[in-house]
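Peer 1: Structure for the following, please:
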Amino acid sequence: MSNLYWLPEAQMQRLRPFFPKSRGRARVDDRRVLSGIIFINRNGLRWRDPPAAYGPHKTLYNRWKRWSDKGVFARIMMGLAEQAPDNKIISIDATYLKAHRTASSLRLKKGGKGRLIVLTKGGMNTKLHAITDTSARPIRLFITAGQISDYIGARALVSNLPKMEWLLGDRGYDADWFREPLVDKGAKPCIPGRKSRKKTVKYDKRRYKRRNRIERMFGRLKDWRRVATRYDRSPTVFLSAIALAATVICWL
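Peer 2: So this is what the prediction gives:
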């Protein structure tokens, strides 16, 4: 049991305010169940394969599915982020996440068309769009099908950006409609211009080097096997896996 992952009590104290209230019968031990859920997601196990110390696998899966559908794990990440804001320099980027055949089966069942999985040059993929704070901790997460361009994905995030001084992004975000709202909010976009632009766009090259922090954050998220490879057919459940990884890695 000593080699298994267990949430310390100090971390549980920070998480409990975000848990749904128990109705009727008291819930099974939250610490044991959440520790098991984290262990499964980090190691890429099937839900029937966790160590016995975490309790019945049906209990783990039912809690995971029920709380994912309610958006609990996403609210936990965003809630912890709001408790320690550091938004002077915001970064935005996107990355591809491979979809396993169990998630991308072509024999769609009822509701299967909304999985946000598409065939790209690199295979079946989902795209993760993220916004991070000054310390490269994710504060907003959003997933789309793999063929969606970066700046189209950014359209879903731009209206919900926090107050900032700088926004760092690569050439994929070079669009006037994206830059102008940033300037209106008093922020300075640090985004290189596309090569097709007729007029050269100036940007702070020294500050732009900090953008690699968000790429390193993506690498840390992909250390979790159920994030690097998507096994979940439901986009909501898969986004919960990403939010849970971000919470444990960056916010606890």
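
Peer 1: List the buried residues in the worst-scoring helix or strand of the chain on mean pLDDT.
Peer 2: Lowest by mean pLDDT, DSSP states H and E among the helices and strands of the chain is helix 150-158, with a mean of 76. Buried residues in helix 150-158, counted by 16 or more other CB atoms under 10 Å: Asp150, Tyr151, Gly153, Ala154, Val158. Any C-beta I mention is one placed from the backbone N, CA and C, and that applies to glycine too.

Peer 1: In the protein, what residue spans correspond to helices?
Peer 2: Taking DSSP state H, the helices of the chain run over residues 9-15, 30-43, 57-69, 72-83, 150-158, 176-184, 205-208, 212-221, 225-228, 235-246.

Peer 1: if we can go back for a sec, taking helix 176-184 as reference, get the angle to the least confident helix or strand of the chain.
Peer 2: Angle, helix 150-158 to helix 176-184, by axes from the mean of the first three to the mean of the last three CA atoms, to 10 degrees: 40 degrees.

Peer 1: counting contacts, what elements does helix 150-158 pack onto?
Peer 2: Counting contacts by 3 or more CB pairs under 8 Å, 6 or more residues apart in numbering; DSSP states H and E, helix 150-158 is packed against strand 89-99, strand 123-132, strand 138-145, helix 176-184.

Peer 1: run the last query once more with 6 Å
Peer 2: strand 138-145 (3 or more CB pairs under 6 Å, 6 or more residues apart in numbering; DSSP states H and E).

Peer 1: what is the mean pLDDT for the strand it packs on?
Peer 2: For strand 138-145, mean pLDDT rounds to 91.

Peer 1: In terms of secondary structure, what does it contact?
Peer 2: strand 123-132, helix 150-158, helix 235-246.

Peer 1: could you dump those to JSON lines with distance to Leu60?
Peer 2: Below are those laid out as JSON lines (distance: least, CB to CB, whole Å):
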{"stretch": "strand 123-132", "distance to Leu60": "24"}
{"stretch": "helix 150-158", "distance to Leu60": "31"}
{"stretch": "helix 235-246", "distance to Leu60": "13"}
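
Peer 1: out of those, which comes closest to Lys70?
Peer 2: Evaluated over those, closeness to Lys70 peaks at helix 235-246, with 9.3 Å, by CB to CB.

Peer 1: and the angle for the closest one with helix 57-69?
Peer 2: Using the same axes, to 10 degrees: helix 235-246 against helix 57-69 is 100 degrees.

Peer 1: Now do helix 235-246: distance to the chain's middle.
Peer 2: 6 Å (CA atoms, centre = their mean, to the nearest Å).

Peer 1: Also stretch 203-222?
Peer 2: The answer for stretch 203-222 is 16 Å, by CA atoms, centre = their mean.

Peer 1: what about the stretch 51-200 of the chain, any weak spots by pLDDT?
Peer 2: Residues of the stretch 51-200 of the chain meeting the criterion pLDDT under 70: 105-113.

Peer 1: Of all the helices and strands packed on strand 138-145, which one is nearest Trp6?
Peer 2: Between the helices and strands packed on strand 138-145, helix 235-246 lies closest to Trp6; by CB to CB that is 15.4 Å.

Peer 1: Report the buried residues of that closest one.
Peer 2: Pro235, Thr236, Val237, Phe238, Leu239, Ser240, Ala241, Ile242, Ala243, Leu244, Ala245, Ala246.

Peer 1: returning to what we had before: name the stretch among the helices of the chain that sits most buried.
Peer 2: Counting by mean count of other CB atoms under 10 Å, helix 235-246 has the highest mean neighbour count of these, with a mean of 23.

Peer 1: Now tell me what touches that one from outside.
Peer 2: 41, 68, 73-74, 77, 116, 138, 141, 143, 221, 224, 226-227, 230, 232 (CB atoms under 6 Å, 6 or more residues apart in numbering).

Peer 1: would JSON lines of the helices of the chain with distance to Ser91 be doable?
Peer 2: Listed next are the helices of the chain as JSON lines, based on distance: least, CB to CB, whole Å:
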{"stretch": "helix 9-15", "distance to Ser91": "25"}
{"stretch": "helix 30-43", "distance to Ser91": "24"}
{"stretch": "helix 57-69", "distance to Ser91": "26"}
{"stretch": "helix 72-83", "distance to Ser91": "14"}
{"stretch": "helix 150-158", "distance to Ser91": "12"}
{"stretch": "helix 176-184", "distance to Ser91": "13"}
{"stretch": "helix 205-208", "distance to Ser91": "10"}
{"stretch": "helix 212-221", "distance to Ser91": "4"}
{"stretch": "helix 225-228", "distance to Ser91": "19"}
{"stretch": "helix 235-246", "distance to Ser91": "14"}
